[in-house]
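K.L.:
give me the fold of what follows.
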Amino acid sequence: MWKDKHVQLVDTAGIRRGVKRERSNEIEDLAVLDAMRAMKFADVAVLVLDAQARYIQRQELAIADAVVREGRALVVAANKMDLIVDAGYTKEDFANAVQEQIEKRFPMLRKTPVIAMSSLYGKNVHKLMPVVFEARDRWSRVVSTGMLNRWLEEVLDEHSPPSQQGRPTKIKYILQTKGRPPTFLLFLQCT
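P.N.:
Numbers count the residues shown, from 1 in each chain. Next comes the predicted model:
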């Protein structure tokens, strides 16, 4: 329980890059499979980064990709911030750099929350659970068709849709077919 809300936390083994793992390490392979299986049942995946690297690693981007493919909300927890903040590098600098990397690779993860923390000293650890619940709520949100169509109208006023084989395309309306992950359906007419 966390603030009268039922929570089930699953701590998976770290997933190391294939080149760092032993070729015949069945235990580590099973731990990776277990981590991927846990993601299938999660509402929110918290990707824990080692902030000492100062940017998100390729393996961590691959895990973020798996989170997207599974249709889960993502929160990034940057641990060990206490080791780099003293070097004139702020937690905001790190959070912005990680968000930029994620958005560049996964535009649908725009504004993914990044919590800069230190588990060793307990700094900002208390901020993680509220952000996880906000991410779950945002990912589960269903937007009314009317609101989506008003938004679409504003977008179409600024940007016309692409033409299809030289013929103009008219976007008629948009609707949300489901949440988690938010999925939308556009109805259009090619003239």
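K.L.:
strands of the protein, start to end?
P.N.:
44-50, 73-79, 114-116, 169-178, 183-190 (DSSP state E).
K.L.:
can I get those strands in JSON lines with mean pLDDT and distance to residue 150?
P.N.:
All C-beta spots, glycine's among them, are computed from the backbone N, C-alpha and C. Formatted as JSON lines, those follow (pLDDT from 0 to 100; distance: least, CB to CB, whole Å):
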{"stretch": "strand 44-50", "mean pLDDT": "92", "distance to residue 150": "29"}
{"stretch": "strand 73-79", "mean pLDDT": "93", "distance to residue 150": "25"}
{"stretch": "strand 114-116", "mean pLDDT": "92", "distance to residue 150": "31"}
{"stretch": "strand 169-178", "mean pLDDT": "92", "distance to residue 150": "10"}
{"stretch": "strand 183-190", "mean pLDDT": "89", "distance to residue 150": "14"}
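K.L.:
mean neighbour count and distance to residue 128 added to those, as CSV?
P.N.:
Formatted as CSV, those follow (neighbours: other CB atoms under 10 Å; distance: least, CB to CB, whole Å):
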stretch, mean neighbour count, distance to residue 128
strand 44-50, 20, 7
strand 73-79, 22, 6
strand 114-116, 24, 5
strand 169-178, 14, 27
strand 183-190, 11, 27
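K.L.:
contact partners for residue 3?
P.N.:
Taking CB atoms under 8 Å, 6 or more residues apart in numbering as the contact definition, residue 3 lies against residue 129.
K.L.:
worst mean pLDDT across the helices and strands of this protein, which element?
P.N.:
Lowest on mean pLDDT, DSSP states H and E among the helices and strands of the chain sits helix 26-41, with a mean of 83.
K.L.:
what packs against it?
P.N.:
helix 58-70 (3 or more CB pairs under 8 Å, 6 or more residues apart in numbering; DSSP states H and E).
K.L.:
what residue lies at the spatial centre of the protein?
P.N.:
The centroid of the chain falls nearest to residue 74 when counting by CA atoms, centre = their mean (3.1 Å).
K.L.:
that one touches residue 64, doesn't it?
P.N.:
Yes. In this structure residue 74 lies within contact range of residue 64 using CB atoms under 8 Å: 6.2 Å.
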